[in-house]
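Participant: when you get a sec, could you give me coordinates for this:
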Amino acid sequence: MRRIGIQCAARRDRGFTLVEILVTISIIALLIGILIPTLGDARRQAKGSVCAANLHFVGVASAMYLDDHAGAYWPYYTQDDAGRWWWFGYELGGPGSGTGRPLDKSRGALATYLGSTDNRLQCPSFPYASGCYYPKFAERSASYGYNLHLSGRLRSEFVDRSARVFLFADGAHFDFGDTLNEGHYILYLQGASAPSGYGHFRHRGQAQVLYMDGHVTPQPLRGPAYAVDCGGRAGNLSDEKGSSFVYGL
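Facilitator: As a prediction, this is how the structure comes out:
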């Protein structure tokens with residue numbers, strides 16, 4: 001009995017064999033290989049949800065602005081002797097050129113209603129950290145594009161189609177070769193072949209779109225893409241049939 005007890009104790013103290021260690025490492029590596037893509041997908045989905053929430057908040061702010069301004073949409077920009085009033089902020093001495101231009105975001109058209117000009121106008125999936133991003137302004141201003149076709153028009157013009165015409169969407173703008181900058185406006189251009197502001201389909205091939213009635217929905221690219229692909233393809237927004245009706249044209 002004593003000899004059997006000694007043998008059992010020896011077996012318990014012998015540790016792992018090389019084969020057991022290799023099998024354990026293989027199992028761990030397999031689990032990591034399975035989990036990493038899943039975590040990546042979850043992170044991308046979370047960013048899409050944050051983006052949609054931001055746009056919903058922008059929709060509420062826009063409605064408050066319209067209530068205070070007789071239902072008239074804000075112009076893309078206006079000019080005074082000292083600078084330019086962009087919808088997303090005031091550029092003293094503007095418009096300037098190059099990078100790092102000063103911008104007072106607290107003086108944007110929606111700033112009073114947004115409460116937070118830093119976060120609500122920023123999409124977490126916009127490629128700010130990419131080498132193809134060209135920073136026009138010293139601060140991140142807005143990665144959502146304003147439907148330029150609404151500038152200066154009245155909400156009352158769209159009563160019967162507010163659920164089908166967009167107000168803001170994930171945007172990207174092209175000015176300088178193979179780079180992109182924040183998409184402050186989105187303009188319809190047939191063929192998507194010229195530098196301009198386009199919808200940016202950066203959420204797994206989709207763009208988050210805020211419609212005039214306040215609802216937000218993702219949309220795929222249904223037409224040609226602009227030549228530069230940075231953080232996602234860019235092109236015109238459209239309805240299910242590929243129509244430009246979503247611009248209010």
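Participant: my guess is residue 57 contacts residue 122. True?
Facilitator: No. Judged on Cβ atoms under 8 Å, residue 57 makes no contact with residue 122 at a distance of 11.5 Å. Every residue, glycine included, has its C-beta placed from N, CA and C.
Participant: and the strand ranked longest in the chain, what does it pack against?
Facilitator: As assigned by DSSP state E, the longest strand anywhere in the chain is strand 166-173. Applying 3 or more Cβ pairs under 8 Å, 6 or more residues apart in numbering; DSSP states H and E, we find strand 166-173 packed against helix 18-68, strand 144-147, strand 181-182, strand 185-186, strand 197-201, strand 206-211.
Participant: pull out the buried residues from it.
Facilitator: For strand 166-173, the neighbour count (16 or more other Cβ atoms under 10 Å) marks 166, 167, 168, 169, 170, 171, 172, 173 as buried.
Participant: could I get these as JSON lines with pLDDT and distance to residue 87?
Facilitator: Shown next, in JSON lines, are the buried residues of strand 166-173 (pLDDT from 0 to 100; distance: Cβ to Cβ, whole Å):
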{"residue": "166", "pLDDT": "97", "distance to residue 87": "15"}
{"residue": "167", "pLDDT": "98", "distance to residue 87": "12"}
{"residue": "168", "pLDDT": "98", "distance to residue 87": "10"}
{"residue": "169", "pLDDT": "98", "distance to residue 87": "14"}
{"residue": "170", "pLDDT": "97", "distance to residue 87": "17"}
{"residue": "171", "pLDDT": "97", "distance to residue 87": "12"}
{"residue": "172", "pLDDT": "97", "distance to residue 87": "17"}
{"residue": "173", "pLDDT": "96", "distance to residue 87": "14"}
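Participant: so residue 149 sits in a helix?
Facilitator: Yes. Counting by DSSP: H, G, I helix; E, B strand; the rest coil, residue 149 falls inside a helix.
Participant: list the contacts for it?
Facilitator: Residues near residue 149 by Cβ atoms under 8 Å, 6 or more residues apart in numbering: 187, 188, 247, 248, 249.
Participant: fine, thanks again, bye for now.
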